[in-house]
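K.L.:
Sequence first, then the predicted structure, then my questions.
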Amino acid sequence: MASSILRFRKLCYVEPVNCFSDSKIKDPVGPIEEALPELRKQRKQRRGWRCWDMCCWTIGYMCTTWWLLLLLYHSVPLTLPGLQVPESPGLKLKNRGLSALHPVVLVPGIVTGGLELWEGRPCAEGLFRKRLWGGSFTEIFKRPLCWLEHLSLDNETGLDPPGIRVRAVPGLVAADYFAPGYFVWAVLIENLAKIGYEGKNLYMTAYDWRISFQNTEVRDQALSRLKSRIELMFVTNGYNKVVVVPHSMGSLYFLHFLKWVEAPPPMGGGGGPGWCAKHIKTVMNIGPAFLGVPRAVSNIFSAEARDIVFARAMAPGFLNSDMFGLQTLERVLRVSRTWDSVISLLPKGGETVWGNLDWSPEENFACDPARKRLLQACSQANHSHPITNSSNGKLRFGVEDPIRFGRVISFGKDSSQLPSSQLKLNDFKELLRNRGNPKQSSCNGEVWTEYEDMGKESIQAIAENKAYTVESYLDLLRFAAPKMMKRAEAHFSHGIAENLDDPKYSHYKYWSNPLETKLPDAPDMEIHCLYGVGIPTERSYVYKLSTPSNKCKRIPFRIDDSANGNDGECLKNGVYFVDGDESVPVISTGYMCAKGWRGKTRFNPSGSPTRIREYRHKAPANLLEGRGFESGAHVDILGNVAMIEDIMRVAAGEELGGDRIYSDILSGKGNANAAQCLQGK
């Protein structure tokens, strides 16, 4: 090798020989330095710049940037101003001498739990016991249509389609991380471990969050396994009662369990009236969706939420394009309408709780925090010229005319603001009676979203009915999605019970609705509501008809992203916002603990004590804080150090004391009206 290099140098620099045969080089006996630039240019022209090269360089730059940022993160001293990481709650409590006492059961919510494949179609070859949901999500990109097929449930039964079995991932790994680097329960689990928790006294109940709550027992015996596990942990941990920590929809699931476990078989678990009082110390609900979530309305109606609307506003036409024939939103709507659990998240309590066409509990809410603080300061200062007052003499934080949040869906911005006397309203119960057999679809093949069964007249009738409350919206769904509602309403109910002693309320369809079931006879069982506040949260929507199209598989309605309010108003890109944790409004997370269950009520006859712990949202100060140590967001709150400490203190046997409230959950004209109705006044 060395001799070859020496011969080359001798030829090029000692002997005047043309080392390069290219005729474009004018001076063949000149130094090689003059020839090299021309050679490089010719070589680059011959080679070209391929798309593959661009991809490789892009990936290389991304990886290099990631590793440099990671190196910087681990090399920056944490003592710099603004970079101090708060002391770990686990170490803090351990140094105070606290240790594990009560066994802890974690109950995940919708979406966050992993799902794995046990049996599938030929397109899923090689995925046995691999995660289809939660984890890397690589199968979405490899075989998206196959992936969607296996996550869908049967439209008639709400269970597995023939030839497919998808089951919940068991153990703590079911929902510790939703995706690599995106924690769900991992931070809480890690801190619990620091004071002595492990597999024998820490358990996560894994269940298939897609199917109805009662069907988790019918198909998987999930409720029976949870009952047995709590009994075992109670006995093996010195007969110390269990602390249960549900999150989001998990609060509804565990509420269903509380009724199921004491109900007689075959519908219930046969534990008897005293089972909960014997085995459960505290239920600490994180971000509970007790009274439902308005965003479930838009998800079922058009597969949208504010994230989709924001994407549309930033890139108009992208989500509506038929790129690669995927029709993203249409497929999402088709799959999600087979998930019965989504129906459990529809708002409960009707107009009594959520408002009607002319009022709502949040009518005094001001979206501009600065303006609200000013109005509160003026009120406290007792100015001689008070700012706009409501009819009941309370200060109205907002515009002179209240925002009509009770109109959960409005067609057109004007329809969301006009007095109800000026609105055109159809009787959908009459339309339901006259619906008859669905019209023959002009589309070949499978009907996707149930909109293909509807004629243009029916679609137009929906849009002509200018506004819908949470009650009329249920009639709308029965009209627009009859298959889904027929199946799902056999498992869930959304009303308010007039007489809880009525035998019909012993049916499981009422057990997850806190307004149609009683809490167990357990006067010492505490119920806590832990949730974030201070984040704009979806409350109602302005819709419009989508662009006419000849495509069969399309969604005829969409949120009007051009509908915006003035500065400081609550309307942005077709979505009205109120206070909450970004996903669930305060009225849903806190109302039952604040009013519905507070003291001895018909929903809480034994007087189980309730507590409210609100966590004011604070965004991360810098990128190094990740998702924040004081976040109040619906999922990120699981990393909130104050909330983690509260949970650990209860698990270690301490008392939290009274309520901590920042929101208006205890006040407001709408809340007072609802409270009187719920208490039977």
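P.N.:
Alright, I've got the coordinates. Numbers count the residues shown, from 1 in each chain.
K.L.:
so where do the helices sit in the stretch 451-600 of the chain?
P.N.:
Using DSSP state H, counting those that start in this stretch, the helices found in the stretch 451-600 of the chain span residues 456-464, 470-480, 482-488, 586-591.
K.L.:
Turn these into CSV, columns for mean neighbour count, mean pLDDT and distance to residue 579.
P.N.:
Placement of C-beta: from N, CA and C, glycine included. Formatted as CSV, the helices of the stretch 451-600 of the chain follow (neighbours: other CB atoms under 10 Å; pLDDT from 0 to 100; distance: least, CB to CB, whole Å):
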stretch, mean neighbour count, mean pLDDT, distance to residue 579
helix 456-464, 14, 85, 30
helix 470-480, 21, 88, 18
helix 482-488, 18, 88, 29
helix 586-591, 30, 96, 5
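K.L.:
Those helices: which one's closest to residue 95?
P.N.:
Residue 95 sits nearest to helix 586-591 of all those, at 32.0 Å, using CB to CB.
K.L.:
got the buried residues for the next helix or strand after the closest one?
P.N.:
Counting by DSSP states H and E, the next helix or strand C-terminal to helix 586-591 is strand 610-616. Neighbour counts over strand 610-616 (16 or more other CB atoms under 10 Å) mark 610-615 as buried.
K.L.:
picking up where we left off before, pipe the helices of the stretch 451-600 of the chain into JSON lines and attach distance to residue 194 per row.
P.N.:
What follows is the helices of the stretch 451-600 of the chain, written out as JSON lines (distance: least, CB to CB, whole Å):
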{"stretch": "helix 456-464", "distance to residue 194": "54"}
{"stretch": "helix 470-480", "distance to residue 194": "44"}
{"stretch": "helix 482-488", "distance to residue 194": "42"}
{"stretch": "helix 586-591", "distance to residue 194": "28"}
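K.L.:
For residue 229, find the nearest of these.
P.N.:
In terms of CB to CB, the element of the helices of the stretch 451-600 of the chain nearest to residue 229 is helix 586-591, at 26.9 Å.
K.L.:
who touches the closest one?
P.N.:
Outside of helix 586-591, the residues within contact range by CB atoms under 8 Å, 6 or more residues apart in numbering are 287-293, 347, 353-354, 361-362, 529, 531, 533, 537, 578-581, 612, 614, 661, 663-665, 671, 674.
K.L.:
Compare the helices of the stretch 451-600 of the chain and report which one is nearest to residue 174.
P.N.:
Per CB to CB, nearest to residue 174 of the helices of the stretch 451-600 of the chain: helix 586-591, 23.6 Å.
K.L.:
JSON lines please, covering the buried residues of strand 610-616 and showing distance to residue 555.
P.N.:
JSON lines is the format used below for the buried residues of strand 610-616 (distance: CB to CB, whole Å):
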{"residue": "610", "distance to residue 555": "41"}
{"residue": "611", "distance to residue 555": "42"}
{"residue": "612", "distance to residue 555": "39"}
{"residue": "613", "distance to residue 555": "40"}
{"residue": "614", "distance to residue 555": "37"}
{"residue": "615", "distance to residue 555": "36"}
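K.L.:
so which of those residues comes closest to residue 644?
P.N.:
For the buried residues of strand 610-616, the nearest to residue 644 is residue 615 (10.5 Å; CB to CB).
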